[in-house]
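> Need coordinates for the below:
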Amino acid sequence: MKNEKLIEFLNSFQSLVINSLDENKNPFSSYAPFVKYENRYYVYLSSMAKHSHNLKQNPKASIFFCEDESSCENIFARKRVTMQCDVITLEKNSSKYEDILDSFEEKFDKSMVQTLRGMSDFNLYEFKAFYGEAVFGFGKAYNLGGENFNELVQRENTKGHGHK
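So this is what the prediction gives:
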């Protein structure tokens with residue numbers, strides 16, 4: 001069953017952190033604005049961006065959502081969600097490609113997205129989760145489950161945080 005707390009948390013973001021691997025398998029992290037469309041996450045990146053090169057060389061990445069430091073209750077227990085994903089580059093000018101860019105225009109500054117659409121070096125990347133985890137405080141760590149990774153699944157065989 002969908003977890004409203006998880007959905008509300010993810011819906012509060014306009015950008016996500018992408019973690020990709022470079023040609024030497026070194027990790028690289030940065031952020032990008034995103035849209036969620038049919039239970040997948042999409043970013044629109046220039047081919048000049050390091051992630052573009054990394055994702056073409058290694059089409060696996062993780063995406064990360066983390067509660068803002070200024071609004072968290074405890075810096076040691078920030079709410080966060082991580083998803084490991086398979087990544088594909090969408091074919092330009094397909095109906096799906098156009099629909100997703102229309103979603104970018106609805107979510108963000110329409111004129112900015114239209115400007116980016118006019119740049120030939122931008123590509124649309126699809127992130128399809130195959131594993132995920134969420135933390136919503138001390139002792140509140142979950143795996144993501146369900147067909148659309150919108151369920152919190154209690155972890156089994158975990159003892160939590162003990163005291164010395």
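
> Going by C-alpha atoms from here, please, whenever you check contacts or count neighbours.
Fine.

> What lies in contact with the lengthiest strand in the chain?
The longest strand of the chain (DSSP state E) is strand 122-135. By CA atoms under 8 Å, 6 or more residues apart in numbering, the surrounding residues in contact with strand 122-135 are 40-47, 77-90, 92, 97, 116, 141-145, 149, 152.

> Let me know the average pLDDT across the very next helix or strand once past that strand.
For strand 122-135, the succeeding helix or strand toward the C-terminus, using DSSP states H and E, is strand 141-145. What strand 141-145 shows for mean pLDDT is 94.

> tell me what strand 141-145 is packed against?
Helices and strands touching strand 141-145, by 3 or more CA pairs under 8 Å, 6 or more residues apart in numbering; DSSP states H and E, are strand 122-135, strand 151-154.

> related to what we said a few turns ago, buried subset of the contacts of strand 122-135?
Neighbour counting over the contacts of strand 122-135 (16 or more other CA atoms under 10 Å) leaves 41-46, 78-89, 97, 116, 141-145, 149, 152 as the buried ones.

> Let's see which of those residues end up in helices.
Among these, DSSP state H puts 97, 116 in helices.

> now, which of the buried ones among the contacts of strand 122-135 lie within strands?
Per DSSP E, the buried ones among the contacts of strand 122-135 map to strands at 41-46, 80-89, 141-145, 152.

> What residues does the residue positioned nearest the centre of the chain make contact with?
In the chain, the C-alpha nearest the mean C-alpha coordinate belongs to I63, at 3.8 Å (CA atoms, centre = their mean). I63 sits next to 16-19, 82-85 when contact means CA under 8 Å, 6+ apart.
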